[in-house]
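Visitor: what's the 3D shape of this:
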Amino acid sequence: MEAKPTEISGSKMFGGYNKRFKHFSPTLGCSMTFHVYFPPLPSPSHKFPVLYWLSGLSCTDENFIIKSGAQRVASSEGIALVAPDTSPRGLNVEGEADSWDFGVGAGFYLNATQEKWKNWQMYDYVVKELPKVLSENFAQLDTSRASISGHSMGGHGALTIYLKNLDKYKSVSAFAPIVNPMNCPWGQKAFTNYLGGNKADWEEYDATCLISKFNDVSATILIDQGEDDKFLHDQLLPHKFEEACKNAKVPLLLRLQPGYDHSYYFIATFIDHHIQHHAQALNMCFKPLHP
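Guide: You can find the predicted model right below:
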């Protein structure tokens with residue numbers, strides 16, 4: 001099957017273009033979609049650094065592109081946004097769509113080891129396959145200059161992927177991430193099904209556990225968390241991660257935002273700060289948002 005991406009939609013925005021692509025993923029064994037926002041091209045030979053965005057439970061590659069408003073500052077900073085989907089789709093595995101927090105739309109950015117879920121290899125898709133697809137098919141993208149961000153389950157994905165691949169990403173940020181999935185219901189459900197019962201395997205995908213092993217972090221980790229987020233105290237547990245960062249002497253800026261919830265209204269409010277955080281790490285010079 002053809003792995004080369006095919007453009008399925010495109011719209012101009014802030015001088016650049018949102019484009020949606022479809023391709024066959026050998027890693028996942030199914031067709032996948034992803035979005036790229038290409039900023040305005042200053043010259044034919046110019047290459048943009050890449051910011052990967054990993055979305056949360058029940059999302060697709062569309063949520064961030066449609067709802068976040070990130071393109072405005074990405075355009076002015078000259079950063080390409082790449083938003084993959086959140087899981088394999090169309091495989092018709094029994095029970096894959098029985099619940100919103102597991103299976104379809106809930107890949108948790110890990111490599112499943114249990115036979116039933118063997119196609120759920122979202123870690124390898126995001127870290128290995130997708131950057132290769134981008135570098136081989138889009139000359140204007142410089143995948144060697146990359147950062148990563150995400151929301152909720154995607155915040156978990158961004159943090160764990162970053163920590164395990166400090167050579168591949170210049171910076172990380174997250175909105176309301178699931179930072180200690182071993183100790184919350186979402187994570188326990190996903191890990192039990194995808195990884196089995198061995199808790200040592202779970203630790204490989206838990207940012208709070210990983211921070212003690214992978215702590216050569218140069219750019220400050222940025223996390224925004226709404227104080228009125230209904231998932232704050234039982235699912236997200238940001239203070240566990242804060243404590244782990246403190247013990248490992250890892251630079252963390254955890255901002256608790258009064259009155260904000262878990263939604264894209266919250267993300268849209270603070271997304272500019274996150275793009276600028278990554279622009280700095282990607283060695284971009286700041287330009288005014290409204291030239």
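Visitor: And residue 50, which helix or strand is it part of?
Guide: Here residue 50 is covered by strand 48-54, with elements defined by DSSP states H and E.
Visitor: Kindly apply the preceding question to residue 10 instead.
Guide: strand 6-13.
Visitor: contacts for that strand?
Guide: With contact meaning C-beta atoms under 8 Å, 6 or more residues apart in numbering, strand 6-13 is reached by 17-23, 33, 37, 71, 75. (C-beta placed from N, C-alpha, C; glycine too.)
Visitor: Swap in 7 Å and give it another go.
Guide: With contacts defined as C-beta atoms under 7 Å, 6 or more residues apart in numbering, strand 6-13 is touched by 17-23, 71.
Visitor: same deal with stretch 228-244?
Guide: By C-beta under 7 Å, 6+ apart, stretch 228-244 touches 176-180, 183-186, 207-208, 211-212, 223, 225, 252, 254, 259-262.
Visitor: Go through that stretch and flag the buried ones.
Guide: 229, 231-232, 235-238, 240-242, 244 (16 or more other C-beta atoms under 10 Å).
Visitor: Equivalent analysis for stretch 167-184, please.
Guide: Neighbour-count burial for stretch 167-184 flags 168-181, 183-184 (criterion: 16+ other C-beta under 10 Å).
Visitor: how long is that stretch from one end to the other?
Guide: 29 Å (C-alpha to C-alpha, to the nearest Å).
Visitor: State the mean pLDDT of that stretch.
Guide: Mean per-residue pLDDT for stretch 167-184: 98.
Visitor: quick one: that stretch to chain centroid distance?
Guide: Offset of stretch 167-184 from its chain centre (C-alpha atoms, centre = their mean, to the nearest Å): 9 Å.
Visitor: Can you list the buried residues in the strand holding residue 10?
Guide: residue 13.
Visitor: can you check stretch 99-116 too?
Guide: The neighbour-count check on stretch 99-116 (16+ other C-beta under 10 Å) flags 101-112 as buried.
Visitor: with the residues you listed in mind, which one is nearest to residue 43?
Guide: residue 109 (34.8 Å; C-beta to C-beta).
Visitor: which residues touch that closest one?
Guide: 54, 122-123, 126, 156-157, 160-161.
Visitor: Can you name the two of the residues you listed that sit furthest apart?
Guide: Distances among those were taken as C-beta to C-beta; the most separated pair is 126 and 156, at 12.2 Å.
Visitor: hey, what's the residue positioned nearest the centre of the chain bridged with?
Guide: Ranked by distance to the mean C-alpha position of the chain (C-alpha atoms, centre = their mean), the top residue is residue 54 at 2.3 Å. Beta-bridge partners of residue 54, counted by DSSP bridges, are residue 150.
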